[in-house]
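Asks: sharing a model prediction with you, sequence too.
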Amino acid sequence: MKILVATLNWGLGHTTRSVPLIDSFLNEGCEVILASDGRAGELLKSEFPKLQYFDLPSYGVNYNGSNFTRTILRQALRINRAIKEEKRVIETLVKENTLNVILSDNRFGCYNTTARSIFLSHQVNIITPSTWSNKIANHLNQKYIANFDEVWIPDFEKSPGMANELSHNHSFDSKYLGILSRMKWYPSSLLYDICIVLSGPEPKRTDLEEELIRQALQMEDKRIIIIQGKTDEPVTIRSIKTNLKIVSSMTTQRLNNVLLQSDLVVSRSGYSTIMDLYQLKKRALLIPTKGQTEQEYIANSLKKRAKCEIQYEGEINLRKAFNERHKYLGFIDINENRDLTLFVRQWMDNANHQSPNLSSNSLV
(Lines give C-alpha, C1' and ligand atoms only; values in the text may rest on other atoms or scores of the structure.)
Protein backbone atom coordinates (compact mmCIF):
# COMPACT_ATOMS: atom_id res chain seq x y z
CA MET A 1 0.00 0.00 0.00
CA LYS A 2 1.53 3.35 -1.07
CA ILE A 3 0.41 6.22 1.13
CA LEU A 4 0.99 9.95 0.77
CA VAL A 5 0.90 11.84 4.10
CA ALA A 6 0.43 15.59 3.56
CA THR A 7 0.47 17.98 6.52
CA LEU A 8 -0.54 21.61 6.81
CA ASN A 9 2.22 24.12 7.55
CA TRP A 10 0.24 26.11 10.11
CA GLY A 11 2.47 25.83 13.14
CA LEU A 12 4.08 22.44 13.70
CA GLY A 13 1.17 20.62 15.32
CA HIS A 14 -0.37 19.22 12.14
CA THR A 15 2.96 17.55 11.42
CA THR A 16 3.85 16.34 14.91
CA ARG A 17 0.51 14.59 15.36
CA SER A 18 0.93 12.83 12.02
CA VAL A 19 4.24 11.27 13.12
CA PRO A 20 2.68 8.34 15.06
CA LEU A 21 0.39 7.58 12.12
CA ILE A 22 3.36 7.55 9.73
CA ASP A 23 5.20 5.21 12.12
CA SER A 24 2.17 2.91 12.24
CA PHE A 25 1.90 2.80 8.44
CA LEU A 26 5.60 2.00 8.15
CA ASN A 27 5.36 -0.73 10.79
CA GLU A 28 2.57 -2.34 8.77
CA GLY A 29 4.80 -2.50 5.68
CA CYS A 30 3.36 0.46 3.78
CA GLU A 31 5.44 2.64 1.49
CA VAL A 32 5.01 6.20 2.77
CA ILE A 33 5.66 9.41 0.86
CA LEU A 34 5.61 12.79 2.60
CA ALA A 35 4.51 16.26 1.51
CA SER A 36 4.22 19.71 3.10
CA ASP A 37 6.01 23.08 3.00
CA GLY A 38 8.05 25.44 5.17
CA ARG A 39 8.92 24.54 8.76
CA ALA A 40 6.42 21.67 8.77
CA GLY A 41 8.21 20.17 5.77
CA GLU A 42 11.60 20.56 7.45
CA LEU A 43 10.26 18.75 10.50
CA LEU A 44 8.98 15.87 8.38
CA LYS A 45 12.34 15.55 6.67
CA SER A 46 14.20 15.55 9.98
CA GLU A 47 11.86 12.94 11.49
CA PHE A 48 11.93 10.66 8.42
CA PRO A 49 15.15 11.41 6.49
CA LYS A 50 14.93 8.20 4.44
CA LEU A 51 11.41 8.82 3.09
CA GLN A 52 10.67 10.56 -0.20
CA TYR A 53 9.45 14.12 0.31
CA PHE A 54 7.67 16.64 -1.94
CA ASP A 55 7.01 20.35 -1.45
CA LEU A 56 3.42 21.56 -1.68
CA PRO A 57 2.20 25.11 -2.36
CA SER A 58 2.23 27.24 0.76
CA TYR A 59 -1.03 28.66 2.12
CA GLY A 60 1.08 31.62 3.26
CA VAL A 61 -1.06 32.36 6.32
CA ASN A 62 0.12 35.05 8.71
CA TYR A 63 -1.45 36.45 11.88
CA ASN A 64 -0.96 40.18 11.42
CA GLY A 65 -3.82 41.97 13.13
CA SER A 66 -5.83 41.36 16.29
CA ASN A 67 -9.01 40.00 14.68
CA PHE A 68 -8.23 36.46 13.54
CA THR A 69 -11.40 36.01 11.46
CA ARG A 70 -10.84 39.21 9.48
CA THR A 71 -7.16 38.35 9.06
CA ILE A 72 -7.99 34.97 7.52
CA LEU A 73 -10.79 36.36 5.34
CA ARG A 74 -8.36 38.90 3.89
CA GLN A 75 -6.15 36.00 2.88
CA ALA A 76 -8.99 33.77 1.65
CA LEU A 77 -8.34 34.27 -2.07
CA ARG A 78 -4.66 33.42 -1.70
CA ILE A 79 -5.48 30.35 0.40
CA ASN A 80 -8.05 29.21 -2.17
CA ARG A 81 -5.49 29.57 -4.97
CA ALA A 82 -3.03 27.47 -2.96
CA ILE A 83 -5.68 24.78 -2.43
CA LYS A 84 -6.37 24.61 -6.17
CA GLU A 85 -2.66 24.46 -6.93
CA GLU A 86 -1.99 21.70 -4.40
CA LYS A 87 -4.87 19.71 -5.91
CA ARG A 88 -3.02 19.84 -9.26
CA VAL A 89 0.23 18.82 -7.58
CA ILE A 90 -1.50 15.91 -5.84
CA GLU A 91 -2.97 14.71 -9.14
CA THR A 92 0.54 14.56 -10.58
CA LEU A 93 1.93 12.80 -7.49
CA VAL A 94 -0.83 10.18 -7.59
CA LYS A 95 -0.12 9.37 -11.25
CA GLU A 96 3.66 9.39 -11.02
CA ASN A 97 3.83 7.38 -7.78
CA THR A 98 0.75 5.13 -8.24
CA LEU A 99 -0.54 6.15 -4.82
CA ASN A 100 -3.29 4.09 -3.19
CA VAL A 101 -4.07 6.34 -0.21
CA ILE A 102 -3.78 10.03 0.67
CA LEU A 103 -3.84 11.10 4.31
CA SER A 104 -4.33 14.85 4.51
CA ASP A 105 -3.90 16.65 7.81
CA ASN A 106 -6.06 19.72 7.19
CA ARG A 107 -4.83 20.31 3.62
CA PHE A 108 -8.07 20.79 1.73
CA GLY A 109 -6.65 20.17 -1.75
CA CYS A 110 -4.90 16.90 -0.92
CA TYR A 111 -7.41 14.41 -2.28
CA ASN A 112 -7.89 12.50 -5.51
CA THR A 113 -10.68 10.38 -6.97
CA THR A 114 -8.28 7.53 -7.88
CA ALA A 115 -6.82 7.20 -4.36
CA ARG A 116 -8.61 6.64 -1.08
CA SER A 117 -8.54 10.09 0.49
CA ILE A 118 -8.61 10.60 4.27
CA PHE A 119 -9.04 13.93 6.03
CA LEU A 120 -7.43 14.16 9.47
CA SER A 121 -8.72 16.94 11.71
CA HIS A 122 -10.01 17.64 15.21
CA GLN A 123 -11.91 20.66 13.92
CA VAL A 124 -14.93 19.35 12.03
CA ASN A 125 -16.95 22.12 13.67
CA ILE A 126 -15.54 25.63 13.50
CA ILE A 127 -16.25 28.30 16.10
CA THR A 128 -15.85 31.95 15.16
CA PRO A 129 -16.70 35.20 16.99
CA SER A 130 -19.91 35.95 15.08
CA THR A 131 -22.93 34.12 13.69
CA TRP A 132 -22.35 35.20 10.08
CA SER A 133 -18.67 34.22 10.05
CA ASN A 134 -19.56 30.96 11.77
CA LYS A 135 -21.98 30.05 8.97
CA ILE A 136 -19.47 30.93 6.25
CA ALA A 137 -16.56 29.11 7.92
CA ASN A 138 -18.54 25.92 8.58
CA HIS A 139 -20.08 25.92 5.12
CA LEU A 140 -16.64 26.10 3.50
CA ASN A 141 -15.13 23.61 5.95
CA GLN A 142 -17.86 21.04 5.31
CA LYS A 143 -17.73 21.63 1.57
CA TYR A 144 -14.00 20.90 1.48
CA ILE A 145 -14.19 17.90 3.83
CA ALA A 146 -16.97 16.36 1.69
CA ASN A 147 -14.36 15.77 -1.05
CA PHE A 148 -12.71 13.09 1.09
CA ASP A 149 -13.68 9.45 1.48
CA GLU A 150 -13.06 9.29 5.23
CA VAL A 151 -12.68 11.59 8.23
CA TRP A 152 -10.31 10.67 11.07
CA ILE A 153 -10.56 12.64 14.31
CA PRO A 154 -7.72 12.69 16.85
CA ASP A 155 -9.85 12.78 20.00
CA PHE A 156 -11.73 10.52 22.38
CA GLU A 157 -15.10 9.45 21.02
CA LYS A 158 -16.84 10.16 24.31
CA SER A 159 -17.66 13.87 24.66
CA PRO A 160 -16.20 16.27 25.71
CA GLY A 161 -12.92 14.57 24.87
CA MET A 162 -10.08 17.01 24.38
CA ALA A 163 -11.64 19.36 21.81
CA ASN A 164 -15.23 19.35 23.05
CA GLU A 165 -17.68 20.77 20.43
CA LEU A 166 -14.95 21.17 17.82
CA SER A 167 -14.71 17.42 17.32
CA HIS A 168 -18.14 16.17 18.44
CA ASN A 169 -21.79 16.57 17.41
CA HIS A 170 -21.26 16.52 13.65
CA SER A 171 -22.78 14.73 10.68
CA PHE A 172 -19.63 13.22 9.16
CA ASP A 173 -19.02 9.49 9.11
CA SER A 174 -15.87 9.56 11.19
CA LYS A 175 -13.38 7.44 13.12
CA TYR A 176 -11.99 8.61 16.47
CA LEU A 177 -8.30 7.87 16.99
CA GLY A 178 -7.78 9.03 20.58
CA ILE A 179 -4.49 10.78 21.39
CA LEU A 180 -2.09 11.25 18.49
CA SER A 181 1.23 12.18 20.04
CA ARG A 182 4.82 11.38 19.18
CA MET A 183 5.63 11.73 22.91
CA LYS A 184 5.93 8.84 25.38
CA TRP A 185 5.53 8.97 29.15
CA TYR A 186 8.05 7.39 31.50
CA PRO A 187 9.25 8.24 35.03
CA SER A 188 11.68 11.15 35.03
CA SER A 189 13.26 13.48 37.59
CA LEU A 190 12.82 17.26 37.30
CA LEU A 191 15.64 19.28 35.75
CA TYR A 192 13.77 22.48 34.79
CA ASP A 193 11.18 24.55 36.59
CA ILE A 194 9.66 25.88 33.35
CA CYS A 195 9.81 24.67 29.75
CA ILE A 196 8.56 27.15 27.15
CA VAL A 197 7.62 25.63 23.79
CA LEU A 198 7.03 28.10 20.96
CA SER A 199 5.20 27.42 17.70
CA GLY A 200 2.76 28.88 15.22
CA PRO A 201 2.94 31.28 12.27
CA GLU A 202 4.85 34.54 12.38
CA PRO A 203 4.87 37.23 13.61
CA LYS A 204 2.90 35.95 16.61
CA ARG A 205 5.51 33.31 17.44
CA THR A 206 8.28 35.90 17.71
CA ASP A 207 6.08 38.35 19.62
CA LEU A 208 5.38 35.73 22.28
CA GLU A 209 9.02 34.67 22.44
CA GLU A 210 10.17 38.21 23.14
CA GLU A 211 7.63 38.72 25.93
CA LEU A 212 8.48 35.42 27.59
CA ILE A 213 12.24 36.02 27.39
CA ARG A 214 11.79 39.36 29.16
CA GLN A 215 9.91 37.61 31.96
CA ALA A 216 12.33 34.68 32.16
CA LEU A 217 15.29 37.05 32.57
CA GLN A 218 13.67 38.37 35.74
CA MET A 219 13.33 34.88 37.26
CA GLU A 220 16.95 34.08 38.04
CA ASP A 221 15.89 31.68 40.81
CA LYS A 222 14.09 29.39 38.30
CA ARG A 223 15.63 27.00 35.78
CA ILE A 224 14.00 27.81 32.43
CA ILE A 225 14.46 26.39 28.94
CA ILE A 226 12.92 27.93 25.80
CA ILE A 227 12.44 25.85 22.64
CA GLN A 228 11.92 28.21 19.72
CA GLY A 229 10.41 25.75 17.23
CA LYS A 230 12.65 26.95 14.38
CA THR A 231 12.94 23.66 12.54
CA ASP A 232 14.06 25.37 9.34
CA GLU A 233 17.24 26.72 10.93
CA PRO A 234 20.45 25.02 12.16
CA VAL A 235 20.20 23.82 15.76
CA THR A 236 21.61 26.43 18.14
CA ILE A 237 21.86 26.42 21.93
CA ARG A 238 22.39 29.64 23.87
CA SER A 239 22.72 30.18 27.60
CA ILE A 240 21.49 33.73 28.19
CA LYS A 241 22.02 33.46 31.95
CA THR A 242 22.96 30.58 34.18
CA ASN A 243 19.27 29.82 34.64
CA LEU A 244 18.04 30.41 31.06
CA LYS A 245 18.76 28.27 28.00
CA ILE A 246 17.37 28.88 24.50
CA VAL A 247 17.34 26.08 21.90
CA SER A 248 16.24 26.63 18.29
CA SER A 249 14.72 23.16 17.89
CA MET A 250 14.97 19.61 19.22
CA THR A 251 14.61 16.06 18.05
CA THR A 252 11.50 14.26 19.24
CA GLN A 253 13.42 12.23 21.82
CA ARG A 254 15.20 15.27 23.24
CA LEU A 255 11.96 17.27 23.42
CA ASN A 256 10.24 14.32 25.07
CA ASN A 257 12.94 14.20 27.75
CA VAL A 258 12.88 17.94 28.40
CA LEU A 259 9.09 18.09 28.74
CA LEU A 260 9.11 15.23 31.24
CA GLN A 261 11.94 16.92 33.14
CA SER A 262 9.97 20.19 33.47
CA ASP A 263 7.64 21.09 36.31
CA LEU A 264 5.51 23.49 34.22
CA VAL A 265 5.06 23.65 30.45
CA VAL A 266 4.25 27.01 28.82
CA SER A 267 2.89 26.94 25.28
CA ARG A 268 0.16 27.95 22.88
CA SER A 269 -3.10 26.07 23.22
CA GLY A 270 -2.67 24.40 19.85
CA TYR A 271 -4.47 21.09 19.69
CA SER A 272 -1.42 18.91 19.09
CA THR A 273 0.23 20.49 22.11
CA ILE A 274 -2.85 19.57 24.17
CA MET A 275 -2.49 15.94 23.07
CA ASP A 276 1.19 15.97 24.05
CA LEU A 277 0.28 17.38 27.48
CA TYR A 278 -2.26 14.59 27.97
CA GLN A 279 0.25 11.98 26.86
CA LEU A 280 2.92 13.27 29.27
CA LYS A 281 0.52 14.10 32.17
CA LYS A 282 1.87 17.65 32.57
CA ARG A 283 0.73 20.87 34.21
CA ALA A 284 0.63 23.81 31.84
CA LEU A 285 0.18 27.52 31.30
CA LEU A 286 -1.61 27.96 27.97
CA ILE A 287 -1.34 31.20 25.99
CA PRO A 288 -3.92 31.19 23.18
CA THR A 289 -3.13 33.18 20.07
CA LYS A 290 -5.31 36.23 20.64
CA GLY A 291 -8.26 36.29 18.26
CA GLN A 292 -7.77 32.67 17.18
CA THR A 293 -11.07 31.30 18.39
CA GLU A 294 -10.09 27.64 18.17
CA GLN A 295 -7.19 28.07 20.59
CA GLU A 296 -9.23 30.33 22.87
CA TYR A 297 -12.14 27.88 22.91
CA ILE A 298 -9.96 24.85 23.71
CA ALA A 299 -8.03 26.70 26.43
CA ASN A 300 -11.18 27.99 28.12
CA SER A 301 -12.85 24.59 27.91
CA LEU A 302 -9.86 23.01 29.64
CA LYS A 303 -9.63 25.74 32.28
CA LYS A 304 -13.30 25.20 33.16
CA ARG A 305 -12.33 21.61 33.91
CA ALA A 306 -9.48 22.90 36.11
CA LYS A 307 -6.78 21.37 33.95
CA CYS A 308 -4.63 24.43 33.26
CA GLU A 309 -4.05 28.15 33.67
CA ILE A 310 -4.64 30.62 30.83
CA GLN A 311 -2.92 33.94 30.22
CA TYR A 312 -2.82 36.26 27.21
CA GLU A 313 -0.03 38.15 25.47
CA GLY A 314 0.61 41.51 27.06
CA GLU A 315 -0.73 40.22 30.39
CA ILE A 316 1.61 37.29 31.03
CA ASN A 317 2.83 36.71 34.57
CA LEU A 318 5.18 33.74 34.38
CA ARG A 319 6.08 33.76 38.08
CA LYS A 320 2.42 33.81 39.15
CA ALA A 321 1.65 30.87 36.85
CA PHE A 322 4.53 28.87 38.30
CA ASN A 323 3.65 29.66 41.91
CA GLU A 324 -0.01 28.68 41.37
CA ARG A 325 0.59 25.61 39.20
CA HIS A 326 -0.72 23.21 41.87
CA LYS A 327 -4.15 24.84 41.74
CA TYR A 328 -4.75 22.95 38.51
CA LEU A 329 -5.20 19.22 38.02
CA GLY A 330 -2.96 18.99 34.98
CA PHE A 331 -3.53 16.58 32.11
CA ILE A 332 -3.61 13.40 34.12
CA ASP A 333 -7.04 11.83 33.57
CA ILE A 334 -6.62 10.11 30.22
CA ASN A 335 -9.70 8.38 28.90
CA GLU A 336 -9.28 4.90 27.53
CA ASN A 337 -7.06 5.53 24.51
CA ARG A 338 -7.26 3.67 21.23
CA ASP A 339 -4.49 1.28 20.20
CA LEU A 340 -3.22 3.10 17.09
CA THR A 341 -1.30 0.12 15.73
CA LEU A 342 -4.39 -2.08 15.97
CA PHE A 343 -6.56 0.65 14.42
CA VAL A 344 -4.25 1.02 11.40
CA ARG A 345 -3.99 -2.75 10.95
CA GLN A 346 -7.77 -3.20 11.05
CA TRP A 347 -8.32 -0.23 8.76
CA MET A 348 -5.91 -1.69 6.19
CA ASP A 349 -7.62 -5.08 6.35
CA ASN A 350 -11.04 -3.49 5.84
CA ALA A 351 -9.80 -1.22 3.07
CA ASN A 352 -8.27 -4.12 1.17
CA HIS A 353 -11.39 -6.22 1.69
CA GLN A 354 -13.55 -3.45 0.22
CA SER A 355 -11.06 -2.65 -2.57
CA PRO A 356 -8.85 -5.69 -3.28
CA ASN A 357 -6.62 -3.70 -5.62
CA LEU A 358 -5.91 -0.99 -3.07
CA SER A 359 -2.64 -2.66 -2.08
CA SER A 360 -0.75 -2.95 -5.34
CA ASN A 361 2.07 -4.92 -3.68
CA SER A 362 -0.20 -7.29 -1.71
CA LEU A 363 1.48 -6.23 1.54
CA VAL A 364 -1.53 -7.04 3.69
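Replies: On my side now, so go ahead.

Asks: go ahead and confirm residue 82 touches residue 59.
Replies: Yes: counting by C-beta atoms under 8 Å, residue 82 touches residue 59, with 4.8 Å between them. Just so you know, the C-beta spots here come from the backbone N, C-alpha and C atoms, and that holds for glycine as well.

Asks: looking at those two, which has the bigger crowd around it?
Replies: Using other C-beta atoms under 10 Å, the more surrounded residue of residue 82 and residue 59 is residue 59, with 24 against 21.

Asks: per-residue pLDDT, that one?
Replies: As predicted, residue 59 sits at a pLDDT of 85.

Asks: looks like it contacts residue 9 (just checking).
Replies: Yes: in this structure, residue 59 is within contact of residue 9 by C-beta under 8 Å, at 7.1 Å.

Asks: quick one, domains of the chain?
Replies: Using automatic domain parsing, the domain parsing of the chain gives 2-180+337-354, 192-327.

Asks: where do the helices sit along the stretch 1-150 of the chain?
Replies: With helices called from DSSP state H, counting those that start in this stretch, the stretch 1-150 of the chain shows them at 13-16, 19-27, 38-47, 68-74, 76-97, 131-145.

Asks: out of these, which is closest to residue 233?
Replies: Ranking the helices of the stretch 1-150 of the chain by distance to residue 233, with C-beta to C-beta as the measure, places helix 38-47 first at 8.7 Å.

Asks: report the buried residues of that closest one.
Replies: By 16 or more other C-beta atoms under 10 Å, the buried positions in helix 38-47 come out as 38, 39, 40, 41, 42, 43, 44, 47.

Asks: how much space between the closest residue to residue 124 other than its chain neighbours and residue 126?
Replies: Nearest residue to residue 124 in three dimensions, chain neighbours excluded: residue 170, at 4.6 Å (C-beta to C-beta, 6 or more residues apart in numbering). Residue 170 sits at a distance of 11 Å from residue 126 (criterion: C-beta to C-beta, to the nearest Å).

Asks: swap in residue 167?
Replies: Residue 167 is 11 Å from residue 126, where distance means C-beta to C-beta.

Asks: of those two, which one has the most company?
Replies: Neighbour count, other C-beta under 10 Å: between residue 167 and residue 126, residue 167 has more, with 24 against 19.

Asks: from residue 179, how far out is the more buried one?
Replies: Residue 167 sits 12 Å away from residue 179, going by C-beta to C-beta.

Asks: for residue 227, same thing?
Replies: Counting by C-beta to C-beta - residue 227 and residue 179 are separated by 21 Å.

Asks: do the same with residue 207
Replies: Counting by C-beta to C-beta, the separation of residue 207 from residue 179 is 30 Å.

Asks: and those two? Which one has more around it.
Replies: Neighbour count, other C-beta under 10 Å: between residue 207 and residue 179, residue 179 has more, with 22 against 15.

Asks: the more buried one and residue 281 touch, don't they?
Replies: No: at 11.5 Å, residue 179 and residue 281 do not qualify as touching, with contact defined as C-beta under 8 Å.

Asks: helix, strand or coil for residue 214?
Replies: When classified by DSSP: H, G, I helix; E, B strand; the rest coil, residue 214 comes out as helix.

Asks: could you check the pLDDT of it?
Replies: We have a pLDDT of 96 for residue 214.

Asks: same question, residue 329
Replies: We have a pLDDT of 90 for residue 329.

Asks: burial of it, as a residue count?
Replies: Residue 329 has 13 neighbours, counted by other C-beta under 10 Å.

Asks: what of residue 294?
Replies: Residues near residue 294, counting by other C-beta under 10 Å: 20.

Asks: chain neighbours aside, what residue packs nearest to it?
Replies: residue 123 (6.2 Å).

Asks: the residue nearest in space to the middle of the chain: what's it in contact with?
Replies: Geometric centre of the chain, nearest residue: residue 13, 2.1 Å, by C-alpha atoms, centre = their mean. Residue 13 makes contacts with 199, 270, 271, 272, 273, as judged by C-beta atoms under 8 Å, 6 or more residues apart in numbering.

Asks: show the pLDDT at the first one.
Replies: If I follow you right, that is residue 199. On the pLDDT scale, residue 199 gets 87.
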